[in-house]
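Engineer: Sharing a model that was predicted from the sequence below.
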Amino acid sequence: MPARVALVLAGALFAMTATAADPLPPETAARIAAAAPAQAPAKPARPRRVLVYTACKGFVHSAIPHGTAALQAIGRKSGAFEVVVADQPDAFQPENLARFDAVCFNNTTGELFDDAALRQSLLDFVRHGKGLVGLHAATDCFYQWPEFGELMGGYFDGHPWNETVTVKVDEPRHPVVANFGGRSFEIADEIYQFKAPYSRDRLRVLLSLDIDKTDMKKAGIKRSDGDFAVSWVRTFGLGRVFYCALGHREEIFWNPAVLAHYLAGIQYALGDLPADGLPSSHVQGDTVLLFNGKDLTGWIARPGSWAVEDGALARKGGGDIWCEQPFGDFELSLEFKFVAGANSGVFFRTGDIRDCVQTGIELQVLDSAAKTEPDKHDCGAIYDCLAPAKNAVKPAGEWNRLTLTCRGPRIKAVLNDAPIIDMDLDRWTEAGRNPDGTANKFRAALRDFPRAGRIGLQDHGASVWYRNIRVRPLTP
């Protein structure tokens with residue numbers, strides 16, 4: 001029985017495995033420590049804490065203590081996060097989870113707990129902005145809780161391979177797999193296949209099995225599409241998920257390349273490593289399709305407030321809609337139309353969607369086609385700050401084409417092929433005041449607004465439609 005230590009978190013007695021539980025041979029611990037990366041790919045925004053959960057109700061992997069030691073070594077050596085280890089369901093009490101920035105399921109199996117309140121606590125934890133990490137068997141649990149499968153991204157459906165295989169890098173430019181340099185690699189491990197809800201329409205697959213260099217005559221292969229993912233990321237509400245199927249064999253946890261990948265994935269889940277988590281099916285060359293024209297995948301909205309009509313996002317009432325994926329420097333293109341008298345807007349770089357006006361910038365979308373001299377509250381304006389150079393909006397009922405480019409402090413907008421905005425945020429140096437001396441309603445100077453955040457579409461009480469919403473991330 002592992003030694004246990006009692007810690008008091010948020011006023012509750014919280015049983016956790018001690019650091020010294022399940023000790024590894026000194027030479028193994030040394031190999032793991034030596035393989036752990038010393039340099040994090042991103043600087044932590046603040047001190048980070050990761051809860052590593054190790055309970056099993058099914059098969060128990062011998063590599064669990066190796067995984068725990070590797071996570072501890074990665075966090076300690078890189079300075080990216082601190083690890084706390086637990087194996088009791090009380091870890092998921094809301095007051096306990098509140099102390100953490102991410103949860104990692106380290107080779108967990110089976111129905112880990114059935115308390116509905118604890119399950120909801122985990123969903124809320126991620127949905128409201130925290131991170132989830134899964135290693136190997138983290139997809140081999142909670143089969144009786146479908147929401148977990150949706151959250152993690154899929155369920156284990158057998159392992160046809162436990163041998164040396166070739167893994168390919170699906171997304172060479174993605175920051176979470178940057179350490180592989182875009183090159184395929186050979187590795188010996190147990191390779192999973194996944195069943196629903198696994199889909200590239202929901203997940204950003206980063207690594208997968210190279211079926212052209214793998215024995216595809218193995219018994220137990222169930223998928224006919226050749227899609228055997230090894231690693232993925234995704235957004236979930238305001239939170240982020242990273243999963244890697246590598247981690248069955250003990251030696252995986254002293255493989256430097258795998259540990260560097262773990263670190264990048266964990267930093268993505270923590271929110272410290274900016275990276276695109278939209279589904280693979282949304283990727284079109286160097287652009288990302290924010291709206292697939294079919295459903296609200298990748299968006300956050302109150303139920304019923306927005307709907308899909310004829311391939312467009314249609315406002316139905318009940319609040320704004322937000323892209324789950326934040327962006328910093330980008331080129332956004334979309335089309336919009338509205339009814340007579342409508343008022344909407346495109347928010348961007350919004351730091352807090354609960355306070356979007358004071359933490360984000362809005363480009364106005366409204367019915368002002370009849371105005372000769374548009375002001376800072378008309379279509380194409382940067383709300384309350386800068387009027388468009390000309391009135392380029394079409395009358396109600398007609399589709400308009402908008403391109404919005406953000407790079408550092410510079411914001412440019414083109415509406416229906418007419419340049420309308422060329423703005424330098426660094427000129428907005430005072431709270432409540434524009435460079436021309438006119439007042440605005442902002443409590444902070446625009447130059448101090450977030451330079452990365454979410455894109456949103458405003459509900460201002462009248463019908464409006466958006467379609468063909470694409471974004472091309474730009475190098476900062």
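Structural biologist: Arrived safely.

Engineer: Now do stretch 74-88: distance to the chain's middle.
Structural biologist: Taking the mean C-alpha point of stretch 74-88 and that of its whole chain, the gap between them comes to 21 Å (Cα atoms, centre = their mean, to the nearest Å).

Engineer: likewise stretch 189-207?
Structural biologist: Distance, stretch centre to chain centre, for stretch 189-207: 16 Å (Cα atoms, centre = their mean).

Engineer: Any idea how many residues pack against Ala269?
Structural biologist: 30 (other Cβ atoms under 10 Å). From N, CA and C alone the C-beta is placed, and that goes for glycine too.

Engineer: what helix or strand is it on?
Structural biologist: Using DSSP states H and E, Ala269 sits in helix 256-270.

Engineer: For that helix, which residues meet the burial criterion?
Structural biologist: Taking 16 or more other Cβ atoms under 10 Å as the neighbour-count basis, helix 256-270 is seen to contain the buried residues 258-270.

Engineer: Now do the end-to-end distance for stretch 312-322.
Structural biologist: Start-to-end span of stretch 312-322 (Cα to Cα, to the nearest Å) is 15 Å.

Engineer: Ala38 and Ser78, how far apart?
Structural biologist: If you measure Ala38 against Ser78 using Cβ to Cβ, to the nearest Å, the figure is 6 Å.

Engineer: quick one, which of those two is more surrounded?
Structural biologist: Between Ala38 and Ser78, counting by other Cβ under 10 Å, Ser78 is the more crowded of the two (20 against 8).

Engineer: residues in contact with that one?
Structural biologist: By Cβ atoms under 8 Å, 6 or more residues apart in numbering, the residues touching Ser78 are Ala36, Pro37, Ala38, Gln39, Ala40, Leu263.

Engineer: tell me which of those residues is nearest to Glu324?
Structural biologist: When the contacts of Ser78 are ranked by distance to Glu324 (Cβ to Cβ), Leu263 comes first, at 23.0 Å.

Engineer: What pLDDT does the model give that closest one?
Structural biologist: We note a pLDDT of 98 for Leu263 in this prediction.

Engineer: next one: Leu7
Structural biologist: Looking at Leu7, its pLDDT is 40.

Engineer: quick revisit: adding distance to Phe242 and secondary structure, write the contacts of Ser78 out as TSV.
Structural biologist: As requested, the contacts of Ser78 are arranged in TSV below (distance: Cβ to Cβ, whole Å; DSSP: H, G, I helix; E, B strand; the rest coil):
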residue	distance to Phe242	secondary structure
Ala36	17	coil
Pro37	15	coil
Ala38	20	coil
Gln39	19	coil
Ala40	14	coil
Leu263	10	helix
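
Engineer: mind listing what Lys294 touches?
Structural biologist: Val308, Gly311.

Engineer: So what's the residue count around Asp310?
Structural biologist: With neighbours defined by other Cβ under 10 Å, the count for Asp310 comes to 8.

Engineer: quick one: terminal-to-terminal distance for stretch 245-261?
Structural biologist: Stretch 245-261 has an end-to-end distance of 12 Å (Cα to Cα).

Engineer: swap in stretch 93-105?
Structural biologist: Distance between the two ends of stretch 93-105: 16 Å, counting by Cα to Cα.

Engineer: Contacts for it, please.
Structural biologist: By Cβ under 8 Å, 6+ apart, stretch 93-105 touches 9-12, 14, 48-53, 71, 81, 84, 90-91, 118, 121-122, 124-126, 130-135, 138, 141, 152, 266, 269-271.

Engineer: ditto for stretch 374-385
Structural biologist: Residues from elsewhere that reach stretch 374-385, judged by Cβ under 8 Å, 6+ apart: 345, 361-369, 371, 386-388, 390-393, 411, 413, 415, 420-421, 423, 428, 434, 438, 440-442, 446.

Engineer: Can you give me the buried ones in it?
Structural biologist: Applying a neighbour-count criterion of 16+ other Cβ under 10 Å, the buried positions in stretch 374-385 are Pro374, Lys376, Asp378, Cys379, Gly380, Ala381, Ile382, Tyr383, Asp384, Cys385.
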